[in-house]
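A.B. asks: Build me a model:
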Amino acid sequence: MKNLKTIALAFVAFATLSVSAQTKKIDVKTSTIEWVGKKVTGQHNGTVNFKDGAVVLKGKKLVGGTFTVDMTSLTATDLTGEYLGKLNGHLKADDFFGTDKFPTATLVIKKIGAKSANIYTATADLTIKGITKPVTFDITVNGNTATTAFNVNRTIYGIQYGSKSFFDSIGDKAINDEFELKVTLKF
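C.D. replies: Numbers count the residues shown, from 1 in each chain. This next block holds a predicted model:
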């Protein structure tokens, strides 16, 4: 009888643990990624779409997540016509993101800690062009929405085009090593 109670208690504890962690898929149609790339003479901004993704919650607390970005959807939103086509083509070329060879990028949250109510500090593995490096950022969760903004150093992913860090004589054609991301997840 004692063993039966122990087994039943273990089963209830296991069921409680498995129910408390919940994976919620993101809505790829309403979740957004906006980017800004700056250079000496100005900036460009645009969007890139999620292919899929999910957040992991325990109750209302964020405990993890995995996301795949469709790099072939990368587009500028500040240009039109011929200039839009040229910039998009260059961003998708091997000089930048090489989307023919690397059609997706991924972000996998490895560690997360509560910073304050609904605000977390996440450390994740970001993979771009087949190169994985850690990134750390704050993320805010409100209901079924999570938002974050952070910078990514493109040069550590092998994207050196126009970087003053690699080309001293580039002058006013220099492009900042970091680009900005603003992400909204709907789940």
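
A.B. asks: can you list contacts of stretch 22-38?
C.D. replies: 43-58, 67, 69, 144, 175-176, 179-187 (CB atoms under 8 Å, 6 or more residues apart in numbering). The way it works is simple: take the backbone N, C-alpha and C, and place the C-beta from them, glycine included.

A.B. asks: List the buried residues of the strand or helix carrying residue 125.
C.D. replies: Following DSSP states H and E, one finds residue 125 within strand 119-128. Within strand 119-128, the residues that count as buried by 16 or more other CB atoms under 10 Å are 120, 122, 124, 126-128.

A.B. asks: Let's see which of the contacts of stretch 22-38 end up in strands.
C.D. replies: 43-58, 67, 69, 175-176, 179-186 (DSSP state E).

A.B. asks: Determine the three-state secondary structure at the closest residue to residue 41 other than its chain neighbours.
C.D. replies: Distance criterion CB to CB, 6 or more residues apart in numbering; nearest residue to residue 41, sequence neighbours excluded, is residue 172 at 5.7 Å. Here residue 172 is recorded as helix under DSSP: H, G, I helix; E, B strand; the rest coil.

A.B. asks: Residue 40 is in contact with residue 172, correct?
C.D. replies: Yes. With contacts counted by CB atoms under 8 Å, residue 172 reaches residue 40, the gap being 4.7 Å.

A.B. asks: More neighbours: which of these two?
C.D. replies: residue 40 (13 against 7; other CB atoms under 10 Å).

A.B. asks: Strands of this structure, start to end?
C.D. replies: 21-25, 32-39, 42-58, 61-76, 104-116, 119-128, 131-142, 145-153, 175-186.

A.B. asks: Dump the ones you listed to JSON lines, plus distance to residue 97 and mean pLDDT.
C.D. replies: As requested, these are exported to JSON lines (distance: least, CB to CB, whole Å; pLDDT from 0 to 100):
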{"stretch": "strand 21-25", "distance to residue 97": "25", "mean pLDDT": "96"}
{"stretch": "strand 32-39", "distance to residue 97": "11", "mean pLDDT": "98"}
{"stretch": "strand 42-58", "distance to residue 97": "9", "mean pLDDT": "98"}
{"stretch": "strand 61-76", "distance to residue 97": "5", "mean pLDDT": "98"}
{"stretch": "strand 104-116", "distance to residue 97": "8", "mean pLDDT": "97"}
{"stretch": "strand 119-128", "distance to residue 97": "7", "mean pLDDT": "98"}
{"stretch": "strand 131-142", "distance to residue 97": "11", "mean pLDDT": "98"}
{"stretch": "strand 145-153", "distance to residue 97": "12", "mean pLDDT": "98"}
{"stretch": "strand 175-186", "distance to residue 97": "11", "mean pLDDT": "98"}
